[in-house]
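Participant: Test case, fold it:
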Amino acid sequence: MRLLLLSNSTNHGSGYLEHALDTVLGFLEGATVTFVPYALADHDAYTAKVAAVLAPRGVRVSGLHAAADPRAAVEQAAAVFVGGGNTFRLLDTLQRLGLLGPLATRVREGLPYLGASAGTAVASPTIRTTNDMPITQPASFDALGLVPFQLNAHFVDADPASTHAGETREQRLTEFLEVNDVTVLGLREGTWLQVEDGAARIGGTAVGRTAPGPAVVFTRGAAASEVRGDVSGLLTATARFDVPAAP
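Facilitator: Modelled structure (predicted):
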């Protein structure tokens, strides 16, 4: 598989995809991209936004929503970009159109898969570690399962100076692990996971953070660990859902 999974598509103070553009263009290698805009409501505007960035750099963009037969378009795609937005809406649409299985199959056969935010979340076995509000109800939380661990895009560290008394992201992921025995990779803003040739690496630069790492790994019964560079060991993870921890 060839995967490039961005935590976010826009860094504060920069343009769309600007922080990762060199990596994105190198990953796509000039292939025509089938863009999946289902995470947002206005598919035409979303596709035009992507094309405005990629087309001037030699990458043709076609919106999957405009295809007469979306499944056939997935089968014929040279590369796919699944954009961010609301993860529940994205997954629900992929399920309703019968695209989840065909897309996963094509990617496992070598179709380059670029995801951002929600598009990264659906590369997980499920969308249970998304940050989004469930604005619609998919048939299930089961997603593409391109990696054997859960992804949490936009991972945010707790701010010790904040007066907000609600749960931190780390606390929410800890709650997830109380009822699921699955590794979770939290990608901070400005970072991404790239999987190629059976290896996985963390890339990018975490926004507003220089140390200790661009990403963080959570596992049941262990302290969170900061990671950078090669994380290929995560590809051998085992996912077990709905397995509560012993009291």
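Participant: ok, Q137 touching D92?
Facilitator: Yes - at 7.0 Å, Q137 counts as touching D92 under the criterion of C-beta atoms under 8 Å. In this view, the C-beta of every residue, glycine as well, is placed from N, C-alpha and C.
Participant: Neighbour count: the two, which is higher?
Facilitator: For Q137 and D92, the more surrounded residue by other C-beta atoms under 10 Å is D92, and the numbers stand at 18 against 8.
Participant: and that one, which of the three is it?
Facilitator: Remark: D92 carries the secondary structure label helix [criterion: DSSP: H, G, I helix; E, B strand; the rest coil].
Participant: And the pLDDT at the most centrally placed residue in the chain?
Facilitator: In the chain, the C-alpha nearest the mean C-alpha coordinate belongs to T120, at 0.8 Å (C-alpha atoms, centre = their mean). pLDDT, T120: 98.
Participant: same thing with T210?
Facilitator: In the predicted model, T210 carries a pLDDT score of 58.
Participant: Just give the closest residue to R96, not the sequence neighbours.
Facilitator: Closest residue in space to R96, ignoring its immediate chain neighbours: A139 at 8.0 Å, by C-beta to C-beta, 6 or more residues apart in numbering.
Participant: got it, and S117?
Facilitator: Nearest residue to S117 in three dimensions, chain neighbours excluded: G84, at 2.8 Å (C-beta to C-beta, 6+ apart).
Participant: so who does the one you found touch?
Facilitator: When contacts are counted by C-beta atoms under 8 Å, 6 or more residues apart in numbering, G84 is found next to 8-9, 39, 116-120, 153.
Participant: Tell me how far H19 lies from A206.
Facilitator: 11 Å (C-beta to C-beta, to the nearest Å).
Participant: Which parts of this structure are helices?
Facilitator: Taking DSSP state H as the test, the helices found in the chain are 21-28, 43-54, 70-76, 87-96, 100-108, 118-121, 169-179.
Participant: End to end on stretch 149-164, go ahead and measure it.
Facilitator: 30 Å (C-alpha to C-alpha, to the nearest Å).
Participant: ok, and what's touching that stretch?
Facilitator: Contacting residues not belonging to stretch 149-164 are listed as 5-8, 84, 116-118, 120-121, 123-126, 128-131, 168-170, 173, 176, 182-189, 193, 209, 215-216, 234, 237, 239 [C-beta under 8 Å, 6+ apart].
Participant: May I see the buried residues of it?
Facilitator: Of the residues in stretch 149-164, those scored as buried under the neighbour-count criterion (16 or more other C-beta atoms under 10 Å) are 149-155.
Participant: the strands in this structure, which residues?
Facilitator: Read by DSSP state E, the chain holds these strands, from start to end of the chain: 3-6, 33-36, 61-63, 80-82, 113-116, 150-155, 184-188, 191-196, 199-204, 215-218, 225-227, 229-230.
Participant: Send me the fifth one as CSV with only the CA atoms.
Facilitator: What that stands for is strand 113-116. Only the C-alpha atoms of strand 113-116 are listed here, as CSV (Å, rounded to 0.1, in the frame of the first residue of the first chain):
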residue,chain,number,x,y,z
TYR,A,113,-4.3,7.0,-1.0
LEU,A,114,-4.0,10.6,0.2
GLY,A,115,-6.1,11.5,3.2
ALA,A,116,-6.5,14.6,5.3
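Participant: In its sheet, which strands sit next to it, and in what direction?
Facilitator: Based on DSSP bridges, the strands next to strand 113-116 in the sheet, each with its direction, are strand 3-6 (parallel), strand 80-82 (parallel).
Participant: Format those as a markdown table; extra columns: distance to A104, mean pLDDT and mean neighbour count.
Facilitator: As requested, these are arranged in a markdown table below (distance: least, C-beta to C-beta, whole Å; pLDDT from 0 to 100; neighbours: other C-beta atoms under 10 Å):
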| stretch | distance to A104 | mean pLDDT | mean neighbour count |
| --- | --- | --- | --- |
| strand 3-6 | 12 | 98 | 26 |
| strand 80-82 | 11 | 98 | 26 |
